[in-house]
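Peer 1: With the sequence up front, the predicted model follows.
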Amino acid sequence: MENVLENEIRCSSEFSEEEGKMTVSVKADVGTWEVDVFPSQDIYQAILDKLKHEIPNVKQLVYAGEPVVKGDTFQLLGIQDGGKLTVSTESTFDAVLSDIMELNPGQCRDHLVGGVELNPDGSVSSWKLHDLFLNVLPDSFSNLTISDYLWLSNNNLRSLPSNFGNLIVGGNLYLSRNPYLSTFPISFSNITVGGDLHLPEHTRSTFKMCTSSVAGQVFPRDTPESTHTCIHDQCMISMEDRSLKRASLVKPGDRVLSSPNGGTAATVVCTTHQVVDRSISMCRVNGTMCVITPEHPVKVATTGGWIIPSCSNECTIEYMTVNTLCNFMLDDAHHAVVVDGIECISLGHGLSDPAVKHAVWGGTGIRHTLESWSGYPTINFDASICEDTMQMAIQQGFNGLNQPPSESDG
C-alpha cells in the first residue's frame, strides 16, 4: 500500500519567557490545534502523538525532507517561526493493519492480509479475518468501508470498539464463533450491513438492536459445536451398572444413569455424532472431567439447578482439540446423562425449566425429525448442522432421505 494523502502544516510559535515554553500552532487542511512544547521537548511525542488523535491515519512528520523521529526537538532541528512540517498519512487499510498488530502482539502481517481482496481503487472488497484468534479490534477498524463481506468469526474477541457502528459492510458480516463476545457498544445499533449479519448465538439480546440497519437477516447463530449443545467425545458416561463408557462408544439401546445418585436409569434411543476435528472453546464444569459446549445445560450440586456453562462461575472455558461432539436422545421419561457426577441435558428432553427450555434442542420436534433421518438411531451430523439448520429441518419436516441443506456459517 502506498501513502495516499499528504497535509501540509505550518508551525508558528510564541515563546513564553515566564513559563519557558512555546505554544505551537499546528495547521492542516482538517483543522488547527495548539500544542505547548518546550524548546528541548521531543517533537515526535508532543506533536505527532497529538495529531494521531486528530488526523486519521497519521504516519509521520517530515521536516526539510527528513522524517521527524523520537528525540528530535525544535532546537535540534532549528525550526523557526513559520517553519513548515509535512504530515503524511497511511491508507485506511494500512492504518488498520498497523493498529491490529500493535494491539495483538504476535499477529503476522502476512496472515492478516492473506484473506483480503482489494478493489481497483485500493479500497477493501472483502476480508477474511477468521480463525486468527484476535483479542481486540482497534478503533480505526470502524473507518473501513468494505464493499462485500467481512469475516471476523472464530476469534477471541471480548468486545468491539465503541465506534464499531460506523463500519460499513456491503455484504455479509460474520461475528459468530466468538464465545467471549457478550457485550456490544451502543453504536452497534447503527451498523450498516448490506447482506446478512451472523452473531454468536449467546448474544440473543443484541438481535433486536441492529435489525433496522441490516438489509438481510440477523442470524442468532454460533458455531455448530456451540449451538448444537454437545458433550466432548472423550467424556465418560455413567452406565446403569455403575461402569463408565466413553461418550463416543455409547450406542442406542445402552442403559445409562440419568441422575448422579444412581436411582434412575434410562435407555439411549438415539446417538448423534458431529465431527469437529479442530480446536474450539469448551466448558469444564467445576474442575471435573465433564467437558461440554458452552451452551449445553448442566446441573451441579452447588447450585441445585440447571445452568448454562458459559454464563456460570461454576464453569471455565478452555480452548482444546475436539474430534467429535456427542449427544443422546433418551426414552421419553428421562432427560439427562451423567458425566463425572454432573447431569448433562439430553436431546428432546421436554423440560419447561426456563434455564433449559429450548424450542429446538429440547422440544419434541427434534425427536420426530431425527427419527426420520437416514442413519437413525445412529446419526452422524454434518459439520454445518447448528440451531438454525435444525430449526429449519423441524419446521419443514425433512423426510430423512438427506440431512437439511447446509448453509455457510462464516
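Peer 2: That came in fine, so what should we check first?

Peer 1: distance of V356 from S374?
Peer 2: In this view, V356 and S374 are 29 Å apart by Cβ to Cβ, to the nearest Å. C-beta here means a position set from N, CA and C on the backbone, and glycine is covered the same way.

Peer 1: Which one's more surrounded, those two?
Peer 2: Neighbours around V356 and S374, counted as other Cβ atoms under 10 Å, are more numerous at V356. The numbers are 23 against 12.

Peer 1: Touching, the more buried one and C344? I think so.
Peer 2: No. V356 lies out of contact with C344 (Cβ atoms under 8 Å); the separation is 10.7 Å.

Peer 1: Now for the two: what residues contact both?
Peer 2: P297 (Cβ atoms under 8 Å, 6 or more residues apart in numbering).

Peer 1: SS state for the residue nearest the centre of the chain?
Peer 2: Centroid-nearest residue in the chain, with Cα atoms, centre = their mean: N178, separated by 2.7 Å. Local secondary structure at N178 is given as coil here, using DSSP: H, G, I helix; E, B strand; the rest coil.

Peer 1: Same check on N155?
Peer 2: Classification of N155 using three-state DSSP returns coil.

Peer 1: ok, so what distance separates it from C270?
Peer 2: For N155, the distance to C270 - Cβ to Cβ - is 34 Å.

Peer 1: circling back: model confidence at the residue nearest to the centre of the chain, what's the number?
Peer 2: Note on N178: pLDDT of 81.

Peer 1: Who are the contact partners of it?
Peer 2: 152-157, 200.

Peer 1: Pick out whichever of those sits closest to T73.
Peer 2: Nearest to T73 among these: L157, at 40.8 Å, using Cβ to Cβ.

Peer 1: picking that back up, out of the contacts of N178, who's the most crowded?
Peer 2: Busiest of the contacts of N178 [other Cβ under 10 Å] is P200, holding 26 neighbours.

Peer 1: Double-check that one against Y174; I have them as touching.
Peer 2: No. With contact defined as Cβ under 8 Å, P200 does not reach Y174; the gap is 10.4 Å.

Peer 1: Now do the phi/psi pair for R158.
Peer 2: Main-chain torsions, R158, degrees, to the nearest 10: phi -110, psi -20.

Peer 1: Quickly note the distance from the residue nearest to it when sequence neighbours are not counted to I191.
Peer 2: Take R158 and drop its neighbours on the chain: the residue closest to it by Cβ to Cβ, 6 or more residues apart in numbering is Y180, 4.6 Å away. From Y180 across to I191, the span is 20 Å (Cβ to Cβ).

Peer 1: And the helices in the stretch 151-300 of the chain?
Peer 2: With DSSP state H, counting those that start in this stretch, the ranges of helices along the stretch 151-300 of the chain come out as 207-210, 224-227.

Peer 1: quick one, strands of the stretch 201-350 of the chain?
Peer 2: Along the stretch 201-350 of the chain, counting by DSSP state E, counting those that start in this stretch, strands occupy 218-220, 231-232, 236-238, 244-246, 255-257, 265-285, 291-292, 298-299, 306-307, 315-330, 336-339, 342-345.

Peer 1: Worst mean pLDDT among those strands?
Peer 2: Mean pLDDT values for the strands of the stretch 201-350 of the chain show the minimum at strand 218-220, a mean of 62.

Peer 1: Quick check: buried residues in stretch 360-369?
Peer 2: 360-363, 365-367, 369 (16 or more other Cβ atoms under 10 Å).

Peer 1: Out of those, show me where the pLDDT dips lowest.
Peer 2: V360 (78).

Peer 1: what's around the closest residue in space to S248 that isn't next to it in sequence, how many residues?
Peer 2: Distance criterion Cβ to Cβ, 6+ apart; nearest residue to S248, sequence neighbours excluded, is D233 at 4.0 Å. By other Cβ under 10 Å, 20 other residues sit near D233.

Peer 1: D233 contacts C326, doesn't it?
Peer 2: Yes. Between D233 and C326 there is a contact at 5.2 Å, judged by Cβ under 8 Å.

Peer 1: hmm, back to that, return the member of the helices of the stretch 151-300 of the chain having the minimum mean pLDDT.
Peer 2: Of all those, helix 224-227 has the smallest average pLDDT, which comes to a mean of 41.

Peer 1: how close does R255 get to A266?
Peer 2: Counting by Cβ to Cβ - R255 and A266 are separated by 7 Å.

Peer 1: neighbour-wise, which of those two wins?
Peer 2: In this view R255 and A266 are compared by other Cβ under 10 Å, and A266 has more residues nearby, 23 against 13.

Peer 1: Please pull up the helix or strand immediately following the helix ranked longest in the chain.
Peer 2: Looking across the chain with DSSP state H, the single longest helix is helix 92-103. Next along the chain after helix 92-103, taking DSSP states H and E as the criterion, comes helix 109-113.

Peer 1: any shared contact partners between D233 and C326?
Peer 2: What both D233 and C326 touch, as defined by Cβ under 8 Å, 6+ apart, is the set 247-248, 273.

Peer 1: one step back: now tabulate the contacts of N178 in CSV and tack on pLDDT and distance to I186.
Peer 2: Formatted as CSV, the contacts of N178 follow (pLDDT from 0 to 100; distance: Cβ to Cβ, whole Å):
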residue, pLDDT, distance to I186
L152, 90, 19
S153, 82, 23
N154, 77, 26
N155, 84, 22
N156, 85, 23
L157, 89, 17
P200, 77, 18
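
Peer 1: I'd assumed I191 was in contact with L175.
Peer 2: No. Counting by Cβ under 8 Å, L175 sits too far from I191 to count as a contact (10.1 Å).
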